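Enquirer: got a sequence here, can you build the structure:
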Amino acid sequence: MLVKTYCSAVFGISATSITVEVNVTTGVQYFIVGLPDSAVKESIQRIESAIVSIGFHMPRQKIVVNLAPADIKKEGSVYDLAIAIGIMAASNQIPTVQLHEYIILGELALDGKLHTVKGVLPIAMQAKQDGFKRIILPIENTEEAAIVEGLEVYGASTLEEAVKFLIGSHEIEQTVINVQKKFEFKLNGYDLDFADVKGQENIKRALEIAAPGGHNVILIGPPGAGKTMLAKRLPTILPPLTLDESLETTKIHSVSGHLPNSSSLMTIRPFRSPHHTISDVALVGGGNTPQPGEISLAHNGVLFLDELPEFKRSVLEVMRQPLESRSITISRARFSVDYPASFMLIAAMNPCPCGFFNHPFRNCVCGSFAVQKYISKISGPLLDRIDIHIEVTPVEFGELTEERASERSEEIRERVIKARKIQERRFKQFPLIHSNAQMRAKNIQEICQLQEEGKLLLKRAMEKLNLSARAYDRILKVARTIADLEGSLDIKNEHLAEAIHFRNLDREDWTG
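Expert: Numbers count the residues shown, from 1 in each chain. Predicted coordinates for the structure are as follows:
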């Protein structure tokens with residue numbers, strides 16, 4: 001008897017509905033076809049044990065399972081539950097009524113328990129798009145699937161519970177959540193605050209400029225100056241995620257298996273801080289079974305690279321293209337996968353091997369050649385893609401002990417949100433541009449026009465600092481953001497001068 005159930009496969013951050021065709025006929029042996037990987041082939045052993053453990057029997061006949069479309073590779077254990085129910089229905093142990101209305105997914109344990117699976121949100125979104133009315137999945141994944149409105153979500157903890165629900169002898173309560181309420185409730189779940197940072201007002205100013213414009217930043221300073229402390233607090237002043245951004249970010253974390261068990265929806269901007277021993281594949285994504293890398297996990301959030309010169313040069317260079325295109329394409333012989341990678345890069349580094357070059361109180365023992373060699377570990381093309389270079393100096397004792405309260409993140413965030421709203425109105429007709437940092441050359445010419453005095457100021461800076469054309473564009477973008485923070489329609493000379501000031505590493509005399 002031939003029976004069809006339905007599951008789903010995830011590719012990149014999108015899903016494709018899979019038809020699980022099960023045919024039980026005269027003969028012996030089990031076959032799974034349709035480009036299954038090892039995990040799918042091994043599922044027949046888990047399925048047999050799970051079926052027997054709940055009091056049903058595994059047919060001692062020829063069983064052919066086809067996963068269609070057959071030209072798409074099937075990976076993982078997500079198909080276990082759909083195959084098990086298909087086998088039981090094809091052997092006349094359970095009725096086949098209404099199976100065509102369900103997407104069924106879940107990994108089976110040998111005793112019939114259901115384990116969680118990855119990529120539930122894109123699966124649920126695709127199920128609704130393909131016209132399915134209901135979805136059965138492990139109970140731990142129900143809230144994630146219930147984010148999709150218009151799809152009935154039922155969570156089961158065991159194979160037996162799922163089977164009894166399908167045959168009508170057991171009721172499972174439908175999982176329903178108020179997405180908007182859940183989204184708004186967790187919108188500001190930060191434990192850190194800029195009020196914790198003593199001094200460093202110029203660095204706070206630089207980060208306040210970076211936040212609305214989405215600009216990349218590099219912080220250069222000695223150990224203990226507060227670079228990491230400041231970087232970790234950057235998400236607290238970024239504009240809140242929109243619901244669309246939240247769903248897109250959740251999809252990436254769901255597919256990669258990084259979505260916290262306690263959360264079905266990402267409501268705060270991600271902050272990723274990989275160690276400097278990371279490989280290039282782990283950073284940008286890929287592998288034999290392509291998975292999102294750190295740059296995609298930081299999508300709509302912040303990627304923090306501490307001790308930047310300690311990263312392998314090959315790792316840093318693979319970021320150059322994603323920093324421009326804000327996406328990464330992982331190509332294989334038979335297919336390619338696109339992952340979004342629109343993130344703010346915050347990098348931190350010491351100014352020299354000993355860490356005390358330009359320190360106001362301690363002497364550097366490296367020498368100018370060692371300093372230059374250390375700085376040169378960061379390539380020019382990569383530095384060109386970083387809009388703001390800022391030197392971090394140690395905080396003096398008087399500032400550390402000062403009782404005057406620092407400005408809270410909430411206050412800074414209000415100014416950032418106002419500036420971002422100006423940009424939203426400006427780029428309303430450009431769906432792929434959301435902030436000043438994403439402007440293309442044509443947008444810069446139209447939006448960042450300068451007066452004659454401003455052009456002369458920028459010309460002198462370009463000649464003195466020997467800036468590239470890309471650095472020229474970066475200065476204009478940063479100046480535009482500074483003007484937005486002040487609510488100014490035009491880029492004034494003071495805006496331009498401050499933007500030029502944030503190109504520390506371009507100064508000829510910086511390394512002595």
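
Enquirer: Pro95 in helix, strand or coil?
Expert: Following DSSP: H, G, I helix; E, B strand; the rest coil, Pro95 is assigned to coil.

Enquirer: so where's the stretch 401-512 of the chain shaky on pLDDT?
Expert: 401, 504-512 (pLDDT under 70).

Enquirer: can you list the domains in this structure?
Expert: 2-177, 194-506 (automatic domain parsing).

Enquirer: rebuild those domains as TSV, extending it with mean neighbour count.
Expert: Every residue, glycine included, has its C-beta placed from N, CA and C. Shown next, in TSV, are the domains of the chain (neighbours: other C-beta atoms under 10 Å):
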stretch	mean neighbour count
domain 2-177	19
domain 194-506	18
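
Enquirer: least reliable of the ones you listed going by mean pLDDT?
Expert: With a mean of 87, domain 194-506 has the lowest mean pLDDT of the domains of the chain.

Enquirer: the spatially closest residue to Leu67 that is not a sequence neighbour and Pro290: what is the separation?
Expert: Nearest residue to Leu67 in three dimensions, chain neighbours excluded: Gly34, at 3.3 Å (C-beta to C-beta, 6 or more residues apart in numbering). Separation of Gly34 from Pro290 (C-beta to C-beta, to the nearest Å) stands at 20 Å.

Enquirer: what about the strands in the stretch 351-500 of the chain?
Expert: Here the stretch 351-500 of the chain has its strands, by DSSP state E, counting those that start in this stretch, at 388-391.

Enquirer: same question, the stretch 201-350 of the chain
Expert: So, for the stretch 201-350 of the chain - with DSSP E, counting those that start in this stretch - the strands run 217-220, 271-272, 285-286, 291-292, 302-305, 327-331, 336-340, 344-349.

Enquirer: would you list the phi and psi of Thr175?
Expert: phi -90, psi 120 (degrees, to the nearest 10).

Enquirer: SS state for the residue lying closest to it once chain neighbours are set aside?
Expert: With sequence-adjacent residues excluded and distances taken as C-beta to C-beta, 6+ apart, Thr175 is closest to Thr142, at 4.0 Å. For Thr142, the assignment made with three-state DSSP gives helix.

Enquirer: what's the separation between Thr142 and Ser379?
Expert: Thr142 is 47 Å from Ser379, by C-beta to C-beta.

Enquirer: re the thing from before, what residues are up against the residue nearest to Leu67?
Expert: Shown in contact with Gly34 (C-beta atoms under 8 Å, 6 or more residues apart in numbering): 65-70, 72, 74.

Enquirer: how about Lys377?
Expert: 309, 313.

Enquirer: measure Gln98 to Gln423 for me?
Expert: 49 Å.

Enquirer: max-length strand in this structure?
Expert: Using DSSP state E, we find that the single longest strand of the chain is strand 14-25.

Enquirer: what about that one, distance to the chain center?
Expert: 30 Å (C-alpha atoms, centre = their mean, to the nearest Å).

Enquirer: out of the strands of the stretch 201-350 of the chain, nearest to Pro138?
Expert: strand 291-292 (20.7 Å; C-beta to C-beta).

Enquirer: packing partners for that closest one?
Expert: helix 243-256 (3 or more C-beta pairs under 8 Å, 6 or more residues apart in numbering; DSSP states H and E).

Enquirer: using CSV, write down the CA coordinates of stretch 269-281.
Expert: Below are the C-alpha coordinates for stretch 269-281, written out as CSV (Å, rounded to 0.1, in the frame of the first residue of the first chain):
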residue,chain,number,x,y,z
ARG,A,269,20.3,42.3,18.3
PRO,A,270,22.9,39.5,18.3
PHE,A,271,26.4,40.1,19.6
ARG,A,272,28.9,37.6,18.4
SER,A,273,32.5,37.5,19.6
PRO,A,274,34.5,34.6,18.1
HIS,A,275,38.0,33.7,19.4
HIS,A,276,40.9,34.7,17.3
THR,A,277,41.7,31.0,16.5
ILE,A,278,38.5,30.7,14.4
SER,A,279,38.9,29.3,10.9
ASP,A,280,37.7,31.1,7.8
VAL,A,281,34.9,28.5,7.3
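
Enquirer: for it, which outside residues touch it?
Expert: So stretch 269-281 is contacted by 232, 234-235, 238, 241, 249, 253, 282-283, 287, 293-294, 297-308, 310-312, 314-315, 318, 343 (C-beta under 8 Å, 6+ apart).

Enquirer: 7 Å instead?
Expert: 232, 235, 238, 241, 249, 283, 287, 293-294, 297-298, 300-304, 306-307, 310-311, 314-315, 318 (C-beta atoms under 7 Å, 6 or more residues apart in numbering).

Enquirer: give me the subset of those residues that lies in helices.
Expert: 232, 249, 283, 294, 297, 314-315 (DSSP state H).

Enquirer: against Pro235, how distant is the most centrally placed residue in the chain?
Expert: The residue lying closest to the centre of the chain (C-alpha atoms, centre = their mean) is Leu297, at 2.7 Å. Per C-beta to C-beta, Leu297 is found 14 Å from Pro235.

Enquirer: shouldn't Trp433 be in contact with Phe427?
Expert: Careful, residue 433 is Ile; it's not Trp. Yes - proximity of Ile433 to Phe427 meets the contact threshold set by C-beta atoms under 7 Å, at 4.4 Å.

Enquirer: which neighbours do those two have in common?
Expert: By C-beta under 7 Å, 6+ apart, Ile433 and Phe427 have no common neighbours.

Enquirer: doesn't Ile136 belong to a helix?
Expert: No - Ile136: not assigned to a helix; according to three-state DSSP it is strand.

Enquirer: need the contact partners of stretch 343-352.
Expert: 210, 214, 216-223, 227-228, 231, 234, 295, 298-299, 301-309, 323, 357-358, 364, 366, 370-371, 374, 386.

Enquirer: circling back: so what touches the following helix or strand past the longest strand of the chain?
Expert: On the C-terminal side of strand 14-25, the closest following helix or strand by DSSP states H and E is strand 30-33. Contact with strand 30-33 is made by 40-41, 44, 63-66, 70, as judged by C-beta under 7 Å, 6+ apart.

Enquirer: if you set the cut-off to 10 Å instead, what comes out?
Expert: 20-23, 40-45, 47-48, 58-59, 61-68, 70, 74, 79, 83, 87 (C-beta atoms under 10 Å, 6 or more residues apart in numbering).

Enquirer: ok, the closest residue to Arg470 other than its chain neighbours to Leu207 distance?
Expert: Spatial nearest neighbour of Arg470, excluding adjacent residues (C-beta to C-beta, 6+ apart): Asp384 at 4.3 Å. Remark: distance between Asp384 and Leu207 (C-beta to C-beta) = 20 Å.

Enquirer: the stretch 301-450 of the chain: helices as residue ranges?
Expert: 313-317, 320-325, 368-375, 380-384, 397-400, 409-426, 441-447 (DSSP state H, counting those that start in this stretch).

Enquirer: now distance to Asp193 too, for these, in TSV please.
Expert: Shown next, in TSV, are those (distance: least, C-beta to C-beta, whole Å):
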stretch	distance to Asp193
helix 313-317	31
helix 320-325	29
helix 368-375	32
helix 380-384	30
helix 397-400	17
helix 409-426	5
helix 441-447	33
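
Enquirer: nearest approach to Asp191 belongs to which of the ones you listed?
Expert: helix 409-426 (11.0 Å).

Enquirer: how far away from the center of its chain is the closest one?
Expert: The mean C-alpha position of helix 409-426 is separated from the chain mean by 22 Å, C-alpha atoms, centre = their mean.

Enquirer: phi, psi of Ala68?
Expert: Torsion angles, degrees, to the nearest 10, at Ala68: phi -110, psi 150.

Enquirer: residues contacting it?
Expert: Neighbours of Ala68 in contact, by C-beta under 10 Å, 6+ apart: 4, 17-21, 33-34, 74.
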